[in-house]
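What follows is a predicted structure for the sequence shown.
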Amino acid sequence: MAGTTFKTNAYNLHELLEGCHRGALQLPDFQRSWVWDEDRIKSLIASVSRAFPVGALMTLESGGQVNFKPRPVEGAPMEARQATPKSLLLDGQQRMTSLYQVTLRGKVVETVTPKNKKVKRWFYVDIRNALDESVDREEAIVGVPEDRVIRTDFGREVVMDLSSSEREYAALMYPVSQVFDWDEWQDGFDEHWRGDEHEAMRKTFRAFKKQVLENFKSYGVPVISLDDSTSKEAVCVVFEKVNTGGKPLDAFELVTAMYAADGYELRKDWYGDEATKGRRRRFVDTLRPADSEAGIIAGVGNTDFLQAISLFYTRERRRDAERAGRQGKELPAVTGNRQALLNLPLAAYTHYEQKVERGFVQAAKFLHMLHIYRIFDLPYQSQIVPLAAIIADIGDAWEHESHRSKLVRWYWNGVFGELYGSAVESRIARDFMEVPAWLNGGPEPSTVSETIFRADRLKTMRMRLSAAYKGVNALLMKEGAQDFRSGQKFDHTVFFGENVDIHHVFPQDWCKKQGIQPAVYDSIINKTPLSFRTNRLIGGVAPSEYLAKLEKGDGKTPAIESTKVDAFLRSHLIDPDTLRSDRFDSFMADRQKRLLRLIEQATGKSAYAGDLAEEGEDMQIDEDSAEVEMTISS
């Protein structure tokens with residue numbers, strides 16, 4: 001019987017990264033390039049800083065039957081290219097490259113923002129927040145621009161300057177690039193905070209070193225090592241398996257196991273059984289059209305539901321602490337993060353579940369009111385959690401005009417500020433606390449006060465995955481846009497009955513013939529909601545031609561007066577004259593201004609019209625990862 005061809009050992013993280021630096025540990029050349037985004041890097045740093053597992057690696061010893069061409073991890077020095085690797089990394093490239101780049105390489109890291117912008121970042125640990133148990137560790141990991149200065153107001157206001165070691169010491173911000181070699185930084189820190197009066201600061205760093213930095217130095221990574229006798233077939237099968245990925249054990253599964261110990265069937269509560277419709281099924285059926293598979297809140301997951309309940313439970317705990325006279329950092333955080341879900345008692349779940357479910361159902365009605373009917377057209381799935389929690393908290397008061405108008409404004413600020421695309425746990429908690437207070441006369445919530453919409457953003461909104469892109473489409477329907485052919489407004493019945501989607505105003509084929517680039521004609525400025533039949537009738541011809549066709553009618557479609565057609569166009573914020581004369585550039589400039597006014601009206605804020613460029617360059621999305629464009633080629 002053949003023996004095993006692999007072994008599993010725990011390796012020190014620092015040693016593995018040193019191996020990447022020297023070229024002793026490399027990648028098979030067919031591995032894809034390193035593409036991890038900023039938020040995933042922060043999450044990885046946070047996990048290691050708490051000594052949490054980040055998963056096993058799998059390596060293949062060099063020199064055996066399988067002879068892959070090697071290449072060093074991205075960012076390794078030239079010497080690594082000339083080295084002969086001892087092992088090739090089959091699984092774990094993204095994790096090891098990310099950790100190598102942020103901790104050992106000593107250079108700024110090229111990464112990607114949630115808005116798909118290529119940027120350069122240094123990573124820091126906020127020492128105070130890292131020691132604060134009420135702060136989620138990911139919030140203590142901060143990405144800083146290449147010049148190490150964090151700015152707001154499009155570069156006009158400096159929030160934090162970390163451009164020198166002294167400024168790092170003063171701000172208590174520790175560079176992740178020095179987590180394996182802290183002696184020199186600590187010497188400088190102690191000198192900066194010398195004197196008996198600053199002993200508390202020096203003590204703070206010593207606690208940080210013990211609780212955070214030492215986790216990096218002692219961190220062990222399990223490595224499954226395939227020896228050099230492993231066959232090509234085995235390597236191919238293994239590589240295929242480890243790259244398909246699996247569903248991790250999530251908070252819901254863990255909470256289910258904990259509640260089961262008390263005799264409560266959480267899974268049955270969510271999924272139901274043969275006799276009972278579970279909560280998930282009820283969400284799928286909420287406001288579900290007859291010919292549709294699911295309603296607008298069908299995408300709400302079991303952890304989303306737990307998260308909303310956790311907001312109520314942690315807020316009540318905070319209020320109890322306030323009543324007991326506790327203050328500041330002694331107060332528990334209001335949160336729905338993973339740890340909070342794992343600490344959610346069964347009593348809290350059963351106390352809040354019906355209230356929170358009603359909040360989600362009412363949230364579906366709210367979204368329909370904004371003309372957001374399909375999950376596909378939902379700007380942010382993540383924003384439903386605070387929306388439902390806020391509505392559950394204030395009850396029927398959300399239907400009162402004064403409250404509803406503010407809630408609508410908050411929602412659109414979240415969409416057009418593009419604030420719910422990543423790192424949303426802290427924002428969800430803030431909105432849950434701040435929005436109800438605002439509805440009762442308090443200050444604006446941070447989601448409203450922080451939103452800045454750039455006038456030039458409209459030109460770059462081309463992808464159906466963009467929340468702001470979907471937001472413009474919904475706003476047009478809410479403002480009373482009428483179909484070019486039928487003149488019908490896009491209410492719930494028409495939307496589904498006429499198969500409404502977003503389509504080009506100047507058709508793609510016509511634009512291509514005129515030499516107009518896709519980056520220009522695919523902008524939301526040249527898109528509008530239309531029925532399927534209308535879009536087919538328009539065809540790939542000039543606007544002047546398809547408008548004439550609409551007005552003339554045919555055997556199946558009656559003629560339409562030109563004044564009515566003009567009225568339909570204006571309802572889409574389109575100037576009829578520019579469209580009838582096929583003046584693409586004039587149309588784009590004019591409609592950009594009109595759409596901008598629509599967004600300003602929705603958010604209650606003026607757009608930024610300055611010429612300061614947005615940070616980063618647009619990522620070029622390859623064919624494999626690009627979204628499926630739903631717009632029918634005209």
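On my side now, so go ahead.

got the residue ranges for the strands in the stretch 401-550 of the chain?
With strands called from DSSP state E, counting those that start in this stretch, the stretch 401-550 of the chain shows them at 501-504, 527-530.

so where's the stretch 1-150 of the chain uncertain?
Residue ranges of the stretch 1-150 of the chain with pLDDT under 70: 1-8, 30-32, 64-67.

show me where it has strands.
6-12, 25-28, 57-61, 70-71, 87-91, 109-112, 117-126, 141-144, 149-152.

ranking these by burial, who's on top?
Highest mean neighbour count among those (mean count of other C-beta atoms under 10 Å): strand 25-28, with a mean of 26. For glycine as for every other residue, the C-beta is placed from the backbone atoms N, C-alpha and C.

How far off centre is that one?
Centroid separation for strand 25-28 versus its chain: 30 Å, with C-alpha atoms, centre = their mean, to the nearest Å.

Sheet partners, orientation included, of that strand?
Using DSSP bridges, strand 25-28 pairs in its sheet with strand 70-71 (antiparallel), strand 87-91 (parallel).

any residues touching it, and which ones?
If you take C-beta atoms under 8 Å, 6 or more residues apart in numbering as the criterion, strand 25-28 is touched by 16, 19-20, 59-60, 68-73, 80, 83, 85-90, 93, 96.

try 7 Å this time
For strand 25-28, contacts defined as C-beta atoms under 7 Å, 6 or more residues apart in numbering pick out 16, 19, 68, 70-73, 85, 87-89, 93.

List just the nearest of those to residue 162.
residue 73 (26.4 Å; C-beta to C-beta).

Near that closest one, how many other residues are there?
25 (other C-beta atoms under 10 Å).

likewise the one 10 residues further on?
Residue 83 has 18 neighbouring residues, counting by other C-beta under 10 Å.

close enough to count as contact, it and residue 21?
No - if you go by C-beta atoms under 7 Å, residue 83 and residue 21 don't touch, sitting 10.0 Å apart.

Can you show me the helices along the stretch 201-350 of the chain?
Ranges of helices in the stretch 201-350 of the chain, per DSSP state H, counting those that start in this stretch, are 214-218, 232-244, 251-260, 266-271, 279-285, 302-323, 338-342, 346-369.

Just the buried positions in the last one, please.
Put plainly, it is helix 346-369. 348-349, 352-353, 356-357, 359-364, 366-368 (16 or more other C-beta atoms under 10 Å).

average pLDDT across the next helix or strand after that helix?
For helix 346-369, the following helix or strand on the C-terminal side (DSSP states H and E) is helix 384-394. In this model, helix 384-394 has a mean pLDDT of 97.

now helix 384-394, how far from the centre of its chain.
Worked out by C-alpha atoms, centre = their mean, helix 384-394 lies 20 Å from the chain centre.

angle of it against helix 346-369?
In terms of direction (axes from the mean of the first three to the mean of the last three C-alpha atoms, to 10 degrees), helix 384-394 departs from helix 346-369 by 100 degrees.

Could you give me the buried positions within stretch 502-512?
502-508, 510-511.

and what of stretch 464-481?
Across stretch 464-481, burial judged by 16+ other C-beta under 10 Å covers 464, 466-478, 481.

Tell me the spacing between residue 404 and residue 390.
Going from residue 404 to residue 390 by C-beta to C-beta, to the nearest Å gives 12 Å.

what does residue 35 give?
Residue 35 is 35 Å from residue 390, by C-beta to C-beta.

The two: who's more crowded?
residue 390 (28 against 14).

my read: the more buried one touches residue 435, true?
Yes - counting by C-beta under 7 Å, residue 390 touches residue 435, with 5.1 Å between them.

can you list residues touching both of those two?
Joint contacts of residue 390 and residue 435 (C-beta under 7 Å, 6+ apart) do not exist.

thinking again about what came up before, worst average pLDDT in the helices of the stretch 201-350 of the chain?
Note on the helices of the stretch 201-350 of the chain: helix 232-244 shows the lowest mean pLDDT, a mean of 60.

how about the helices in the stretch 51-200 of the chain?
According to DSSP H, counting those that start in this stretch, the helices that the stretch 51-200 of the chain contains are 78-82, 93-99, 127-131, 165-171, 183-192, 199-208.

how about the first one: buried residues?
Which is helix 78-82. The neighbour-count check on helix 78-82 (16+ other C-beta under 10 Å) flags residue 80 as buried.

That one: how far from the chain's middle?
36 Å.

Using PDB, write out the CA atom coordinates for it.
Output of helix 78-82 as PDB, limited to C-alpha atoms (Å, rounded to 0.1, in the frame of the first residue of the first chain):
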ATOM      1  CA  MET A  78      15.200  40.800  -8.200                       C
ATOM      2  CA  GLU A  79      17.400  38.400  -6.200                       C
ATOM      3  CA  ALA A  80      14.300  36.200  -5.600                       C
ATOM      4  CA  ARG A  81      13.900  35.700  -9.400                       C
ATOM      5  CA  GLN A  82      17.400  34.300  -9.600                       C
END
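
Quick one: list the elements packing against that helix.
Applying 3 or more C-beta pairs under 7 Å, 6 or more residues apart in numbering; DSSP states H and E, one finds that helix 78-82 contacts no other helix or strand.

contacts for that helix?
Taking C-beta under 7 Å, 6+ apart as the rule, helix 78-82 contacts 21-23, 72.

With distance to residue 266 and pLDDT as extra columns, can I get the buried residues of stretch 502-512 in CSV?
Output for the buried residues of stretch 502-512, formatted as CSV (distance: C-beta to C-beta, whole Å; pLDDT from 0 to 100):
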residue, distance to residue 266, pLDDT
502, 39, 87
503, 44, 90
504, 47, 93
505, 49, 94
506, 53, 96
507, 51, 93
508, 49, 92
510, 55, 95
511, 53, 95
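
And these, which two are furthest apart?
Maximum distance among those (C-beta to C-beta): 17.4 Å, for 502 and 510.

remind me which residues of the stretch 501-634 of the chain are low pLDDT?
In the stretch 501-634 of the chain, residues with pLDDT under 70: 555, 610-634.

And the helices in it?
Using DSSP H, counting those that start in this stretch, helices in the stretch 501-634 of the chain cover 508-513, 518-521, 532-538, 543-552, 562-571, 576-580, 584-603.

From the buried residues of stretch 502-512, pick the one nearest residue 122.
residue 502 (39.4 Å).

Now do that closest one against residue 474, distance only.
Distance from residue 502 to residue 474, by C-beta to C-beta: 10 Å.

One more: residue 60?
Distance from residue 60 to residue 474, by C-beta to C-beta: 50 Å.

Likewise for residue 403?
Taken as C-beta to C-beta, the span from residue 403 to residue 474 is 20 Å.

Kindly report the same for residue 143.
Using C-beta to C-beta, one gets 31 Å for the distance from residue 143 to residue 474.

ok, now residue 294?
18 Å.

ok, now residue 155?
31 Å.

what does residue 194 give?
58 Å.

can you count the residues close to residue 552?
Residue 552: 10 surrounding residues under other C-beta under 10 Å.

What values do phi and psi take at the nearest residue to it once chain neighbours are set aside?
Distances taken as C-beta to C-beta, 6 or more residues apart in numbering place residue 559 nearest to residue 552, at 5.9 Å, with adjacent residues excluded. For residue 559, the backbone dihedrals (degrees, to the nearest 10) come out as phi -70, psi 150.

Residue 380 - how many residues pack around it?
By other C-beta under 10 Å, the residues close to residue 380 number 19.

do residue 315 as well
Neighbourhood size, residue 315 [other C-beta under 10 Å]: 19.
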